[in-house]
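# pasting the sequence and the predicted model now:
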Amino acid sequence: MAGEGKIKKIRNIGIIAHIDAGKTTLTERILYYTGKTHRIGEVHDGQATMDWMPEEQERGITITSAVTTCFWRDSEIHIIDTPGHVDFTIEVERSLRVLDGAIGVFCAVGGVEPQSETVWHQADKYRVPKMAFVNKMDRLGANFWGVVQEMREKLGANPLVLTIPWGAEDQFKGVFDVIKRRLIIWDEESLGQKFEEHPIPEEHVEEVEKAYQDLVETLADLDEAIMEKYLNDEPIDASEIHKAIRRATIELKGVPLFCGSALKNKGVQPVLDGISRYLPSPLDIPPVTGIDPNTGEEVTRKSSYDAPLSALAFKIQMDQGRKMTFVRIYSGLMKAGGEVYNPGKKKKERVARLLQMHANKRERIQEAGAGSIVAVMGLKETTTGDTLCDPKHPILLESIEAYQPVISVAVEPKTSKDQDKVDLALSKLAEEDPTFKVRFDEDTGQTIISGMGELHLEVLTHRLLREFNAPVRVGKPQVVYRETITKEVELREEFDREIGGQRQKAAVTIKVAPRPRGEGNLIRSELSWTTPQEGGVDESVQPLPEGFEEVILDALRQGLEGGVLKGYPMEDVEVVLKEATYFEGLSTEIAFRAAASQCLRKALEQAGPVLLEPMMRLEILVPEEFLGDCIGDLNARNGKVEEISPRGAVQVIRAICPLKNLFGYSTALRSITQGRATFTMVFSHFDEHGTKQ
């Protein structure tokens, strides 16, 4: 198979974690030790290579997933450093969709935090093999074995402990390699570039030996070859253990686990060895599957240069006003100047340029093959989640789901002459980010932007000024509500009107019913034919001509985009098309659309409509002495405390609270706890809580 040797060396990995666990710091060390950069950029100095946006450098957080390529041993590693903040969770979702492996980074003090759980389960959803790195072993309160236990309990993971710490907090000096049974100490002068192996100090021999035995026993349960040797008391050499760990990792049965302190330059090289040894190449994962758009049949593409081209566009980025599309190539070759087909849009596109990315720096290349992650210039129609393929061998890959926004603000240009500039900038930002929505409110004449949280919208409004020179005034944040119904209604509606001198007539019968919370909308057809009551040649019933059923279903779909109470999108509603009456010579697409829209609106009005509001899941880490004040404040905000549990010196409160009551919560929490509490907030679900009409 052409190129198989090269593909075998590729590792497409993402670094995923809760905000502030140290993902970007770890990535900076990886780039330095692989020779990709010649100095270490620090997040707290605003100098991190992967945090290249001004907004990222100011806030010390990752906002956009950056792509880079580096080399270690004989592996070519493509790394995506993803954001940890919940407002930018789409960046993680779309990165995991195209990756073959991931490294979960956990803070040795914070353990498995809420966003860590979210991104870990996102990786599980896409069946991405994972490794883990317990970072910040030098921090006060670091507890390595506590994190290992939390991974088992909260993530359902099976950690394969490969390095354990020598000391902790300010006594953290190095790590023990469990397989080699050696101590590794890093040289501080060389910023951790150089390290030495030593025999294990006598007082730690028993601890390391026990970790080795636990590892072998765990592998024996997962791997027959190890089991056989283990039961027969035969020696097991390191290469067999490495192979068994690789098999367990790729089959999602185990998670190789390392520890260290990225900031103190300790423990990173074993992680690099692990990426090379244990994470899969594109050849180790199943061939990508999709649908042939012409036949509707399932087709697969092997990871090979010889196979027809198949690729997924997973991210759009505006680059000095021009559109750059990040693409994961699953099979075949993509060439600069070549033509590709977008089956979703039914359009052919030309690849103007191909770029190998290093954060925001780039290198032009002539072609890229299976397993590569590259940036493409020149694709005009392609958006996030679109497939690109060989025009002669079309394939449509599964798209990328976008999350629904939960918060809105009104924006208006500082001066009226800037209106066009602002509109253009907003449309470009919306193309980049599927969780960012822009709409014009007819009633108020305002432009409303919606996103995943206050930080998300704040960053986007700053970018309007910085990148597009389009300053805006921003209103107060508003919650994005949804609407739903509480009872079942069946209704027939007939449309009969003269439009433009021509009589238009059609009738439809639909049933609307509520669905369980979080199930989403469902629109389906149970079409049967009806005979009109009036006689006459013009109005004799006919079978519905081809295409009309889809027109009616499309009108119903659009009808759910605006509810009957306040015009918010409908949620968790089932709509069934029961009957459609076609009148010869009178029924047109317009008539059926109008009948369907009127019928749906009347049915929704009769079905007990209610408003739904977004509920957020909170996790608050608070010192014991402020616990009562914290709970009192949550109760005042209509929050519901679900659990309180100790974690070291602090208490962890888990609660659900309406988003509308959480504006300014970070300031309030700081003031009632003297700045000592921290919290994280993720969207949970929509509920009628407090908003029932």
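Everything's here; your move. Residues are numbered from 1 along each chain as shown.

# mean confidence score for the helix or strand where residue 314 lies?
Using DSSP states H and E, residue 314 maps to strand 310-319. The average pLDDT within strand 310-319 is 81.

# now for that strand, which elements pack on it?
Under the contact criterion of 3 or more CB pairs under 8 Å, 6 or more residues apart in numbering; DSSP states H and E, strand 310-319 touches helix 89-98, strand 322-331, strand 373-377, strand 387-389, helix 419-432. For every residue, glycine as well, the C-beta is placed using N, CA and C.

# got the CA coordinates for it in CSV?
As requested, the backbone C-alpha atoms of strand 310-319 are provided in CSV (Å, rounded to 0.1, in the frame of the first residue of the first chain):
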residue,chain,number,x,y,z
SER,A,310,-11.9,11.7,1.5
ALA,A,311,-11.5,14.5,4.0
LEU,A,312,-13.5,16.4,6.6
ALA,A,313,-13.4,20.2,7.1
PHE,A,314,-13.5,20.6,10.9
LYS,A,315,-12.7,24.3,11.4
ILE,A,316,-12.9,27.6,9.6
GLN,A,317,-10.6,30.4,10.4
MET,A,318,-10.5,33.9,9.0
ASP,A,319,-7.0,34.9,8.1
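
# so which bits of that strand are buried?
Neighbour-count burial for strand 310-319, counted by 16 or more other CB atoms under 10 Å, picks out 310-318.

# could the helices and strands packed on strand 310-319 go into a markdown table alongside distance to residue 354 and mean neighbour count?
Output for those, formatted as a markdown table (distance: least, CB to CB, whole Å; neighbours: other CB atoms under 10 Å):
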| stretch | distance to residue 354 | mean neighbour count |
| --- | --- | --- |
| helix 89-98 | 16 | 24 |
| strand 322-331 | 9 | 23 |
| strand 373-377 | 6 | 22 |
| strand 387-389 | 12 | 25 |
| helix 419-432 | 20 | 16 |
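
# how about the closest residue to residue 25 other than its chain neighbours, phi and psi?
If the residues on either side of it in the chain are set aside, residue 25 comes closest to residue 262, at 4.3 Å by CB to CB, 6 or more residues apart in numbering. Dihedral angles of residue 262 (phi, psi; degrees, to the nearest 10) stand at phi -60, psi -40.

# tally of neighbours for residue 262?
Residue 262 has 27 neighbours, counted by other CB atoms under 10 Å.

# wait, residue 309 sits on residue 339?
No. Contact between residue 309 and residue 339 fails when scored by CB atoms under 8 Å: they sit 10.1 Å apart.

# more neighbours, those two?
Ranked by neighbour count (other CB under 10 Å), residue 309 and residue 339 place residue 309 first, with 25 against 11.

# for the closest residue in space to the more buried one that isn't next to it in sequence, what are its contacts?
Using CB to CB, 6+ apart and skipping the chain neighbours, the partner closest in space to residue 309 is residue 332 (3.4 Å). Going by CB atoms under 8 Å, 6 or more residues apart in numbering, residue 332 touches 301, 304-310, 369-370, 390.

# which stretches of the stretch 551-693 of the chain have low pLDDT?
Counting by pLDDT under 70, the ranges of the stretch 551-693 of the chain that qualify are 648-649, 689-693.

# and residue 464, helix, strand or coil?
helix (DSSP: H, G, I helix; E, B strand; the rest coil).

# can you give me every residue that contacts it?
Residues near residue 464 by CB under 8 Å, 6+ apart: 411, 422, 425-426, 429, 470-472.

# ok, residue 526 next?
Residues near residue 526 by CB under 8 Å, 6+ apart: 576-578.

# could you check how far it is from residue 474?
From residue 526 across to residue 474, the span is 47 Å (CB to CB, to the nearest Å).

# what's the first helix or strand after the host helix or strand of residue 131?
Take DSSP H and E as the rule and residue 131 turns out to sit in strand 130-135. Remark: after strand 130-135, the chain's next helix or strand is helix 144-155, criterion DSSP H and E.

# kindly calculate the angle that that next one makes with strand 130-135.
140 degrees (axes from the mean of the first three to the mean of the last three CA atoms, to 10 degrees).

# so what's the gap between helix 144-155 and the chain middle?
23 Å (CA atoms, centre = their mean, to the nearest Å).

# so where do the strands sit in the stretch 201-350 of the chain?
In the stretch 201-350 of the chain, the segments counted as strands under DSSP state E, counting those that start in this stretch are 255-259, 288-291, 298-301, 310-319, 322-331, 333-335, 339-342, 347-350.

# tabulate the ones you listed (TSV), appending distance to residue 396.
Shown next, in TSV, are the strands of the stretch 201-350 of the chain (distance: least, CB to CB, whole Å):
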stretch	distance to residue 396
strand 255-259	33
strand 288-291	5
strand 298-301	9
strand 310-319	9
strand 322-331	13
strand 333-335	17
strand 339-342	10
strand 347-350	13
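
# check those for me: which has the lowest mean pLDDT.
Lowest mean pLDDT within the strands of the stretch 201-350 of the chain: strand 310-319, at a mean of 81.

# next, count neighbours for residue 687.
The tally of other residues near residue 687 (other CB under 10 Å) stands at 16.

# regarding the closest residue to it other than its chain neighbours, what is its secondary structure?
Using CB to CB, 6+ apart and skipping the chain neighbours, the partner closest in space to residue 687 is residue 615 (4.9 Å). Following three-state DSSP, we place residue 615 in the strand state.

# identify the residues contacting residue 448.
Residue 448 makes contacts with 408-411, 438-441, as judged by CB under 8 Å, 6+ apart.

# now with 10 Å?
Residue 448 makes contact with 408-411, 437-441, 475, 478, 480, according to CB atoms under 10 Å, 6 or more residues apart in numbering.

# and which of those residues is nearest residue 31?
Distances from residue 31 to the contacts of residue 448, taken as CB to CB, are shortest for residue 437 (34.9 Å).

# tell me, please, the helix or strand in this protein that averages the lowest pLDDT.
Least confident helix or strand, the chain: helix 54-59 with a mean of 42, by mean pLDDT, DSSP states H and E.

# buried stuff in the helix or strand just after that helix?
Downstream of helix 54-59, the next assigned helix or strand under DSSP H and E is strand 66-72. Residues of strand 66-72 classed as buried by neighbour count (16+ other CB under 10 Å): 66-70, 72.

# among the contacts of residue 464, which two are most distant?
Using CB to CB, the two most remote members of the contacts of residue 464 are 429 and 471, lying 14.5 Å apart.

# nearest to residue 142 among the contacts of residue 464?
Comparing these against residue 142 with CB to CB places residue 429 closest, at 39.9 Å.

# quick one, helices of the stretch 151-300 of the chain?
Counting by DSSP state H, counting those that start in this stretch, the stretch 151-300 of the chain has helices at residues 205-222, 224-231, 238-250, 268-278.

# so which of those is nearest residue 32?
Among these, the nearest to residue 32 by CB to CB is helix 268-278 (8.8 Å).

# average pLDDT for that closest one?
The average pLDDT within helix 268-278 is 92.

# and that helix, how far from the chain's centre?
In terms of CA atoms, centre = their mean, the centre of helix 268-278 is found 25 Å from the chain centre.
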